[in-house]
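Peer 1: show me the folded form of this:
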Amino acid sequence: MDNVVKTLKVCFFAPIVIALILVVLYETEMMIPGFNGFSTQAWFIILTVMELLTIAVIPAALYLFKIKKVKEALKAEPVAAMKKYGVMRLLMLGLPLVANTDLYYMSMNVAFGYMAIILLLVLPFVYPSKARCEEETNFLENK
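Peer 2: Model prediction:
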């Protein structure tokens, strides 16, 4: 279980670090903010897709371990399932975080920034501590 916890912590912190690196690169103008290579319609479509994705992925990630199929997998093979679904849950939140951060600086549209902040605020709710991982794999035995 210790290896799984380490893997999950890497998946937890990696998107945060990547987003922070993007912020530093854009703020120091090593990467130029305000990319205008897309039309207004393209930016609208990108914004709409990211809004829908962000709105959908947050409750899905928080609810993932209550799905019947996931519960059964955790009961059958706790360590493998915890690694698989734990990484999935963290990437469901981490990848849109990085994308929204990058898109904010590319478009300078605050909606992307707000979505990145919301995802950053949601991440602590799925922090993969050892106690939490053991609880999520053993809670089925107690019920």
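
Peer 1: pLDDT weak spots in this structure?
Peer 2: 139-143 (pLDDT under 70).

Peer 1: just the element for the residue positioned nearest the centre of the chain, please.
Peer 2: The residue lying closest to the centre of the chain (CA atoms, centre = their mean) is Leu93, at 1.6 Å. Using DSSP states H and E, Leu93 maps to helix 78-107.

Peer 1: who are the packing partners of that helix?
Peer 2: If contacts are counted by 3 or more CB pairs under 8 Å, 6 or more residues apart in numbering; DSSP states H and E, helix 78-107 sits against helix 2-27, helix 40-63, helix 68-76, helix 110-122, helix 130-142. (Each C-beta comes from the backbone N, C-alpha and C, glycine too.)

Peer 1: run a quick neighbour tally on Val23.
Peer 2: Applying other CB atoms under 10 Å, we find 15 residues neighbouring Val23.

Peer 1: identify the residue spatially nearest to it, adjacent ones excluded.
Peer 2: Thr101 (6.7 Å; CB to CB, 6 or more residues apart in numbering).

Peer 1: the helix holding Leu93 to helix 110-122, inter-axis angle?
Peer 2: Here helix 78-107 runs at 150 degrees with respect to helix 110-122, directions being taken by axes from the mean of the first three to the mean of the last three CA atoms, to 10 degrees.

Peer 1: got the buried residues for stretch 130-139?
Peer 2: 133, 136-137 (16 or more other CB atoms under 10 Å).

Peer 1: Leu62: how many residues sit nearby?
Peer 2: 15.

Peer 1: if we can go back for a sec, what sits against the residue nearest to Val23?
Peer 2: By CB atoms under 8 Å, 6 or more residues apart in numbering, the contact list for Thr101 reads 19, 22-23, 112-113, 116.

Peer 1: what do you get if the cut-off is 6 Å, keeping everything else the same?
Peer 2: By CB atoms under 6 Å, 6 or more residues apart in numbering, the residues touching Thr101 are 19, 22, 116.
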